[in-house]
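Student: 3D model of this:
(one chain, ligands or ions: 1)
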Amino acid sequence: MSDKKPELSAAMKRKLEPKKFTKNPILGTKFTIAISSAKGGVGKSTFATNLALALKHTGCKVGLLDADIYGPSVPKMFDINEKPKSDGQKLEPIVKYDIQCMSIGFLADQQTPMIWRGPMVTSAIKTFTQKVNWKDLDFIIVDMPPGTGDTQLTFSQEIKMDGAIIVSTPQEVALLDVKRGIKMFDKLGVKILGLVDNMSFFTGDDGKKYRIFGEGGVEQTAKEFKKEFLGEIPINPDVGRTSDQGKPIVEENPEHEISKIYLNFAEMVKKNYL
Ligand code: ADP
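Tutor: So this is what the prediction gives:
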């Protein structure tokens, strides 16, 4: 057991405590699930896109909301280049692979400087919760911004989330942030469905598993905070290749060993709610 329990900063505590949050449910869906990570680059978007597709394969109607302001991934991972249509009141999600999609990346091109993206957070949340014409969905999967900073906090406070899954790689440096993430969701009253250990190992040509980022850290963190450990996803080049080509692995090949892992996660999510 680690004795390093990171404290939220005083400023963060202040932000969390005095205010009564008014959380707006996203209209047009039964449930909203956040996919969160403490750090960038751990595979959060890869998980969110494949989980959305896996839920579709289990028979659910699914939306995918890319709320990662600073690094929207859905346009690339789903190969979407069009702008959403608007009737002047509401935006139409773009449907690809039978998933209703909305991304900050559809609204501002990826070259938009950071200085503009900050103020866009608030208006983006309002747009995503109230001004997108999501239709008859069982689940919206939200690809959250990484971290426990203002952006993440604003999203978690203002969007009514029915559950969160935290994705991490097993390095110590990522785990410290995961602990912060757990505390944030606990304080905000968002149910954490569990933790996923992504890029846990790769299997060499010799058939051996190489745990290059360390072993068991995510599972231990889950135990320490009494959260569910949902499982491991190995490193597999097909995962990156398919996402880069705009058709994530679950869509490209649902029979792939990695797709089966995502399908198991989807069954678990479905069982929790439907
Ligand atoms: P994040 O959303 O956390 O920033 P991404 O989902 O963009 O992370 O993933 C970061 C990189 O890691 C991408 O190039 C992605 O294709 C790759 N990746 C994610 N998960 C895996 C995996 N299990 N095996 C191989 N590559 C992966």
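Student: tell me where this structure has strands.
Tutor: 29-36, 62-66, 94-96, 99-103, 137-143, 163-168, 192-198, 202-203, 209-210, 229-233 (DSSP state E).
Student: among the helices and strands of the protein, which one scores worst on average pLDDT?
Tutor: Least confident helix or strand of the chain, by mean pLDDT, DSSP states H and E, is helix 10-16 with a mean of 72.
Student: sorry, back to before: need the winner for burial among the strands of the chain.
Tutor: strand 62-66 (a mean of 28; mean count of other C-beta atoms under 10 Å). All C-beta spots, glycine's among them, are computed from the backbone N, C-alpha and C.
Student: count of residues packed around the closest residue to Asn133 other than its chain neighbours?
Tutor: The shortest distance from Asn133 to any non-neighbouring residue, by C-beta to C-beta, 6 or more residues apart in numbering, is to Lys90 (4.5 Å). Residue crowding around Lys90 was assessed by other C-beta atoms under 10 Å; the count is 16.
Student: was I right to think Lys90 contacts Val132?
Tutor: Yes - under the criterion of C-beta atoms under 8 Å, Lys90 makes contact with Val132 at 6.5 Å.
Student: and for those two, which residues touch both?
Tutor: In terms of C-beta atoms under 8 Å, 6 or more residues apart in numbering, Lys90 and Val132 are not both contacted by any residue.
Student: picking that back up, and of the strands of the chain, who's closest to Glu252?
Tutor: For Glu252, the closest of the strands of the chain is strand 94-96, at 13.4 Å, according to C-beta to C-beta.
Student: tell me which residues are up against the closest one.
Tutor: Under the contact criterion C-beta under 8 Å, 6+ apart, strand 94-96 has outside partners 78-80, 82, 84, 100-102, 106.
Student: then stretch 247-266?
Tutor: With C-beta under 8 Å, 6+ apart as the test, stretch 247-266 has contacts from 46-47, 49-51, 53-55, 57-58, 60, 77-79, 97, 165, 196, 230-231, 233-234, 236, 238-239, 242-243, 245.
Student: any low-confidence regions in the stretch 51-200 of the chain?
Tutor: 109-118 (pLDDT under 70).
Student: can you pull out the helices in it?
Tutor: All helices of the stretch 51-200 of the chain, identified by DSSP state H, counting those that start in this stretch, fall at 74-77, 104-107, 114-130, 150-158, 172-188.
Student: okay, these in JSON lines with distance to the ligand and mean neighbour count next?
Tutor: Formatted as JSON lines, these follow (distance: least, C-beta to the nearest ligand atom, whole Å; neighbours: other C-beta atoms under 10 Å):
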{"stretch": "helix 74-77", "distance to the ligand": "8", "mean neighbour count": "22"}
{"stretch": "helix 104-107", "distance to the ligand": "13", "mean neighbour count": "20"}
{"stretch": "helix 114-130", "distance to the ligand": "16", "mean neighbour count": "14"}
{"stretch": "helix 150-158", "distance to the ligand": "13", "mean neighbour count": "20"}
{"stretch": "helix 172-188", "distance to the ligand": "10", "mean neighbour count": "19"}
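Student: mind putting these into CSV with distance to Phe139?
Tutor: Formatted as CSV, these follow (distance: least, C-beta to C-beta, whole Å):
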stretch, distance to Phe139
helix 74-77, 15
helix 104-107, 20
helix 114-130, 15
helix 150-158, 17
helix 172-188, 18
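Student: which one of these lies closest to Tyr210?
Tutor: Among the helices of the stretch 51-200 of the chain, the nearest to Tyr210 by C-beta to C-beta is helix 172-188 (17.9 Å).
Student: from the chain's centre, how far out does that closest one sit?
Tutor: 14 Å (C-alpha atoms, centre = their mean, to the nearest Å).
Student: quick check: Ala174 touching Gly40?
Tutor: No - when contacts are counted by C-beta under 8 Å, Ala174 is not listed as touching Gly40 (10.1 Å).
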